[in-house]
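> I need the structure of the sequence given here:
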Amino acid sequence: MGRNKSQRRSSKFFDSDDDTLSTSSTGGLSDRSLMQETEDVESEELPLEGYLDSMFEKRGSTRESGLKGLINALTNNLQLDFAEKSYETLLDQFVKSMKRGFPEVALAAHALGLLAVTVGAGEKAHKVLEDSISHFTRVSQLGSDATNHIMVLQALAIITFVGGNDVEETEKSMDLLWNRVHRTSKPEPALMESAISAWTFLLTTLPVLHINVQFSEKYLPVLSSLLDMDSRAVRISAGEAIGFILETVNSRDLNGHDHLDSNCLDQENNNSVGSLSTLDKLQLRVIEQMKALSREAGGKGSSKKDLHNQRNSFRDFIAFIEGSEEPGATVKLQNGFILNISTWTQIIQMNFLRNFLGGGFQKHMQENSLLHEVFNFIPMQEKQQALSAKEKRMFKSPNSVVSKARTQQLNKRRAAKQECNNSE
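Sure, this is the predicted structure:
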């Protein structure tokens, strides 16, 4: 059974005095726009509440339909008012769906990720992580196709990125993702690529001191082996992770860090030469692998597009590691706005968030304060909506009602002023 009618009425989507409503210098146009916006808001409330009602039904297909509707709504628009007012209900129902099987689990995970992105960093997003992390652990053991598991992995990374409060929480999620990288003898390339990308996405949030010699020696050998896989997507994802680790370690050297945190000082004193030598060997090996991939010749039946993408990617990785080229990217946004990115961390984060949000990335980039903070982006005020030809005749033409009224008012003022002058 769904929620009763009184519950449905109590949940509003937008306030009628939303400060994003368009205005005009004329009272008539302002009233017309306000009425139109109010009608639009009211028309959007019904499907959102209907989707949420579907989450209370017993039939799995009905719940899945509701999840798909909410996912679409949270992706394509910043539904902040709805998410905050219905936060507890949404979280509770999404978590309940995480206890079920596929494909509902994958949809619920996706919805949880979007909920965290919508409410932004803070207590609400942290509670999303707290309430769902145990279910992500369970789901990782379930059998299903790669598409379902890919969405689960992406959602886990997003929720941790937004809601994680400390390194321990981040590392717990990273461990779950890493287990997907090398725990199976016959990995699915698409699933492995997704797991590596999600792991690297969270890697960008770790403090520099955590990416030390021990960290590098633990993960670089596995990542190096992935460079030899047949899947070019897996190679590129592994190369991206390797590039970030090596650049971070090398930057620590340049800044006078010792590679090791305080807990490892004794080990460094006892065996610093051997430890650093091992890391040096690892670096030389993976850099040679990456250089070979940057100039790999195409074989019979290979995709030229994929080969070209691999070559360019590894050239960028090598240039980044060796410091011969500063990372940077430019993203064109709506209304002529441009997002300039100047760090490797932001490039990795932007690519992952854009992939997760899909067609909604542009909308969230314009309106979502979380993304503004991540990318140091300050959106300009949207351009004033252009008037249609009919509206121009109504409000701008000399023969329009507005122009005539303005002319009459000016004539009255002139007449009154003239009478005053004559009386003097």
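> quick one: contacts for residue 110?
Residues counted as contacts of residue 110 (CB atoms under 8 Å, 6 or more residues apart in numbering) are 67, 71, 151, 154-155. In this view, the C-beta of every residue, glycine as well, is placed from N, C-alpha and C.
> for residue 228, which non-adjacent residue is closest in space?
residue 289 (7.6 Å; CB to CB, 6 or more residues apart in numbering).
> may I ask which helix or strand encompasses the one you found?
Take DSSP states H and E as the rule and residue 289 turns out to sit in helix 265-294.
> check the spacing between the residue nearest to residue 228 and residue 221 real quick.
Going from residue 289 to residue 221 by CB to CB, to the nearest Å gives 12 Å.
> what about those two, which has more around it?
Between residue 289 and residue 221, counted using other CB atoms under 10 Å, residue 289 has the larger neighbour count: 21 against 12.
> skip ahead from the helix holding residue 289 and say which helix or strand is next.
Immediately after helix 265-294, counting by DSSP H and E, sits helix 304-322.
> residues making contact with that next one?
232, 235-236, 239-240, 242-243, 246-247, 250, 287, 290-291, 293-296, 298, 325, 327, 344.
> neighbours around residue 335, how many?
Quick note: residue 335 (other CB under 10 Å) scores 11 neighbours.
> now do the helices in the stretch 51-200 of the chain.
60-76, 80-85, 87-98, 104-119, 123-139, 146-163, 167-182, 189-203 (DSSP state H, counting those that start in this stretch).
> got the angle for the last one vs helix 146-163?
The reference is to helix 189-203. 0 degrees (axes from the mean of the first three to the mean of the last three CA atoms, to 10 degrees).
> what's the angle from helix 189-203 to helix 167-182?
Using the same axes, to 10 degrees: helix 189-203 against helix 167-182 is 160 degrees.
> same check, this time on the third one
Here helix 87-98 runs at 30 degrees with respect to helix 167-182, directions being taken by the same axes, to 10 degrees.
> now the fourth one
Relative orientation of helix 104-119 with respect to helix 167-182: 140 degrees, computed using the same axes, to 10 degrees.
> and helix 104-119, C-alpha only, in CSV?
The C-alpha trace of helix 104-119 is given here as CSV (Å, rounded to 0.1, in the frame of the first residue of the first chain):
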residue,chain,number,x,y,z
GLU,A,104,16.3,-3.2,-7.5
VAL,A,105,19.6,-3.0,-5.6
ALA,A,106,21.4,-1.3,-8.4
LEU,A,107,18.6,1.3,-8.8
ALA,A,108,18.5,1.9,-5.1
ALA,A,109,22.3,2.4,-5.0
HIS,A,110,22.1,4.9,-7.9
ALA,A,111,19.3,6.7,-6.1
LEU,A,112,21.3,6.9,-2.9
GLY,A,113,24.3,8.4,-4.8
LEU,A,114,22.0,11.0,-6.3
LEU,A,115,20.5,11.8,-3.0
ALA,A,116,24.0,12.5,-1.5
VAL,A,117,24.9,14.7,-4.5
THR,A,118,21.7,16.6,-4.1
VAL,A,119,21.8,17.3,-0.4
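> so for that helix, what's the average pLDDT?
The average pLDDT for helix 104-119 rounds to 96.
> tell me the angle of it relative to helix 123-139?
Using the same axes, to 10 degrees: helix 104-119 against helix 123-139 is 160 degrees.
> please begin residue numbering at 20 from this point
Fine by me, first position is 20 from now on; the one you just mentioned is helix 123-138.
> residues contacting stretch 103-116, please?
30-31, 71, 74-75, 82, 86, 89, 102, 123-124, 126-127, 130-131, 134, 138, 143, 146-147, 150-151, 154.
> show me where pLDDT drops low in the protein?
The model of the chain has pLDDT under 70 over residues 20-65, 163, 202-205, 271-296, 317-321, 343, 400-443.
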